[in-house]
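S.K.: Predicted structure and sequence below. I'll ask about it afterward.
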Amino acid sequence: MLDGALLAGQVFNGFSVASLFVLAALGLALSFGLMRVINMAHGEMLMLGGYLAYLTYLIVPGPLAILVAMPVAFLGAALLGGILEITVIRKLSARPLDTLLATWGVSLILQQGARSIFGPIGVGVTAPDWLNTGFTLAGVYFPSTRIFILAVAVIVLVALGLLIARTRLGLLVRAVNQDRMMAAASGINVRRVDLAVFCLGTGIAGLAGVVLSLLGPVTPSVGQSYIIPAFLVVVMGGLGSMVGTTIAAIILGLVSALSQIFVDVSMSQVLMLLAVILFLQFRPQGVIATRSRALED
Amino acid sequence: METLLKMDKVCAAYGQSQVLWDIDLDVERGGALALIGRNGVGKTTLLRTIMGVQKTTKGRVQFDGADVTEAKPHERSRAGIGFVPQGRHVFPHLTVEENLQSGLSALTGRGKGLIGKGIPEHIYDLFPKLLQIRHRKAGVLSGGEQQQLAIGRALAGQPKLLLLDEPTEGIQPNVVQQIEDALRRVRTELGVTIVIVEQYLDFAWSFADDYCVLMRGRTVRQGRTAQESAADVAHLVNV
């Protein structure tokens, strides 16, 4: 017999895991949808965000360090993403396999770089006291850290949604996504839009790194643990769709958390992969069938 | 008359397959040139080459006194070339209003606050239907409405030269007349120079000052429409 409180707790955990998946996957979805780029170094943007959070804690310790760390990590990861886009991805445009291999190489370089600077052992970020609490409701314990991560994901999703739907940059992004040639012929600098979107995506990954640092140590390979689920979320979501990515993240987050009632963590990851394979058998286009440049070419 | 667009021995190719050979073309400021020829002779490729979405493999393209051969499409658009391609290419998931707003990007660098002024009123004046349907997604519009939108989007960037690729193709006759009337107003009221690819010789002759016949990627005949009749070139165009 299933305990109701246990089930409710795991559902909450599922949403919490989903919020991490969303933050990790949004950048991948954005860059694939617009540029057909599979960025294998995306996980290292999470790692960078985590290390920047650690450094921020060293420089400005205190209860509000986490709030300082978030813009620092966002800007740091966005800057590195911008450099990666200009120096590697732009040079390899229209060569997806080369891009994949090159960004994988960058991923290895970044991991080794982190290992050389911070060492192979993980560094810890201590959550401030106001995040080390929680409350119990109907027998279910809600830790503040998890609620904070959920809130960050919701804020990022709402902000990104508003940016895409309501701003001039969002209009240009949608135009380029729908018809790249015509966007350029209408006076839109498509390369600059690519760069802006790529920086935005890597910046969000940097934010994901900060919230990850609240849950465990930051290691040179921390991004690798999240990049596979992030890719699964993007594929299941419909390759490039923001709404699809969010729904897929929620489904996979719930599968992961609820399956852990019955099986261990490793087996829950196997079940998550099986869930994606099964889902794609019945709906190969993903949760939301996106019409993007990448999929029309 | 002053030359706005000058093409000098321009060649273009799709991979190994050359499509345009040594095209020489002069378009006068304020004038209208009709590009005519049978299907597959390179008319669309020539327009794409002027816009820069098709690369020039040899030769030079000059626009408004500047060499734009190496310029990217968005740079040419900002320099004052507007493009209405075959198939219209409206942004299907953007509303009519958003499509027109996207065209304002061509004003980048042409004056502070120009984009902020929004969609110029003369576009809705030329195509009143667009105002009525401004909140609808472009993908659900009829062919005629999409064509009006594609022309309106190009005009939002206040071009000096407008490239039109068969603007009346596949559109019902009553809308064709509206589009033709609007294009005449674009010439006379806005002073925009036009290069038009057109299959209907009667319209081409009544609309344009000059014509250029393409055959197998080369210009085989050029002249003024006032000095010859459409019947004189019909054998070069009709299958």
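M.R.: Cool, the structure landed. In this text the structure is predicted, and so the values were computed from the model without any measurement.
S.K.: which residues touch the closest residue to residue A:289 other than its chain neighbours?
M.R.: Counting by Cβ to Cβ, 6 or more residues apart in numbering or on different chains, residue A:289 lies nearest to residue A:238, which is 5.8 Å off, once chain neighbours are set aside. C-beta here means a position set from N, CA and C on the backbone, and glycine is covered the same way. Contacts for residue A:238 (Cβ atoms under 8 Å, 6 or more residues apart in numbering or on different chains) come out as A:244-245, A:248, A:285-290.
S.K.: Next one: residue A:238 relative to residue A:206, how far apart?
M.R.: 24 Å (Cβ to Cβ, to the nearest Å).
S.K.: ok, now residue B:46?
M.R.: 47 Å.
S.K.: Show me the residue sitting in the middle of chain B in space.
M.R.: residue B:163 (1.3 Å; Cα atoms, centre = their mean).
S.K.: What residues does chain B have near chain A?
M.R.: Within chain B, the positions lying close to chain A (Cβ under 8 Å from any Cβ of the partner chain) are B:51-53, B:72-74, B:77-78, B:83, B:85, B:89-94, B:98, B:101-108, B:115, B:153-154, B:157.
S.K.: Repeat the analysis, applying 7 Å as the threshold.
M.R.: When proximity is defined by Cβ under 7 Å from any Cβ of the partner chain, chain B lies next to chain A at B:51, B:53, B:72-74, B:77-78, B:83, B:85, B:89, B:91-94, B:98, B:101-103, B:105-106, B:108, B:153, B:157.
S.K.: how many neighbours does residue 184 have?
M.R.: No chain was given, so I picked chain A. 26 (other Cβ atoms under 10 Å in any protein chain shown).
S.K.: Sorry, I should have been clearer: chain B.
M.R.: 14.
S.K.: Please name the residues that touch the closest residue to chain A within chain B.
M.R.: Using Cβ to the nearest Cβ, residue B:106 is the residue of chain B that sits closest to chain A, at 3.2 Å. Residue B:106 makes contacts with A:186-187, B:77-78, B:157, B:159, as judged by Cβ atoms under 7 Å, 6 or more residues apart in numbering or on different chains.
S.K.: Next, give phi and psi for it.
M.R.: phi -60, psi -20 (degrees, to the nearest 10).
S.K.: Per-residue pLDDT of it, please?
M.R.: pLDDT, residue B:106: 95.
S.K.: How far off centre is the longest helix along chain B?
M.R.: In chain B, taking DSSP state H as the definition, the longest helix is helix B:173-188. Put simply, helix B:173-188 sits 14 Å off its chain's centre (Cα atoms, centre = their mean, to the nearest Å).
S.K.: Would you mark the buried spots in it?
M.R.: The neighbour-count criterion (16 or more other Cβ atoms under 10 Å in any protein chain shown) identifies B:175-176, B:178-180, B:182-183, B:186-187 as the buried residues of helix B:173-188.
S.K.: possible to save those as TSV with pLDDT?
M.R.: Shown next, in TSV, are the buried residues of helix B:173-188 (pLDDT from 0 to 100):
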residue	pLDDT
B:175	87
B:176	89
B:178	90
B:179	92
B:180	92
B:182	94
B:183	95
B:186	96
B:187	94
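S.K.: Reformat these into JSON lines and put distance to residue A:40 next to each item.
M.R.: Below are those laid out as JSON lines (distance: Cβ to Cβ, whole Å):
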{"residue": "B:175", "distance to residue A:40": "50"}
{"residue": "B:176", "distance to residue A:40": "52"}
{"residue": "B:178", "distance to residue A:40": "52"}
{"residue": "B:179", "distance to residue A:40": "49"}
{"residue": "B:180", "distance to residue A:40": "53"}
{"residue": "B:182", "distance to residue A:40": "50"}
{"residue": "B:183", "distance to residue A:40": "50"}
{"residue": "B:186", "distance to residue A:40": "49"}
{"residue": "B:187", "distance to residue A:40": "53"}
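S.K.: more crowded one of residue B:46 and residue A:206?
M.R.: Using other Cβ under 10 Å, the more surrounded residue of residue B:46 and residue A:206 is residue A:206, with 33 against 28.
S.K.: residues touching the more buried one, list them.
M.R.: A:45, A:48-49, A:52, A:73-74, A:76-78.
S.K.: Among those, pick out the one closest to chain B, please.
M.R.: Taking these together and measuring to chain B by Cβ to the nearest Cβ, the closest member is residue A:78, at 22.9 Å.
S.K.: Return the backbone torsion pair for that closest one.
M.R.: Per degrees, to the nearest 10, the backbone of residue A:78 is at phi -60, psi -40.
S.K.: Near the nearest residue to it once chain neighbours are set aside, how many other residues are there?
M.R.: Nearest in space to residue A:78, with sequence neighbours left out and distances taken as Cβ to Cβ, 6+ apart, is residue A:203 at 3.5 Å. By other Cβ under 10 Å, the residues close to residue A:203 number 25.
S.K.: And the pLDDT for residue A:203?
M.R.: pLDDT, residue A:203: 98.
S.K.: now swap in residue B:112 and tell me
M.R.: pLDDT, residue B:112: 80.
S.K.: which SS state does it fall under?
M.R.: With DSSP: H, G, I helix; E, B strand; the rest coil as the basis, residue B:112 sits in coil.
S.K.: Cross-check the contact I'm expecting between residue A:234 and residue A:245.
M.R.: Yes: counting by Cβ atoms under 7 Å, residue A:234 touches residue A:245, with 6.2 Å between them.
S.K.: Find residues that contact each of these two.
M.R.: In contact with both residue A:234 and residue A:245: A:25, A:29, using Cβ under 7 Å, 6+ apart.
S.K.: Quick check: residues of chain A near chain B?
M.R.: A:171-172, A:174-175, A:178-179, A:181-182, A:184-190.
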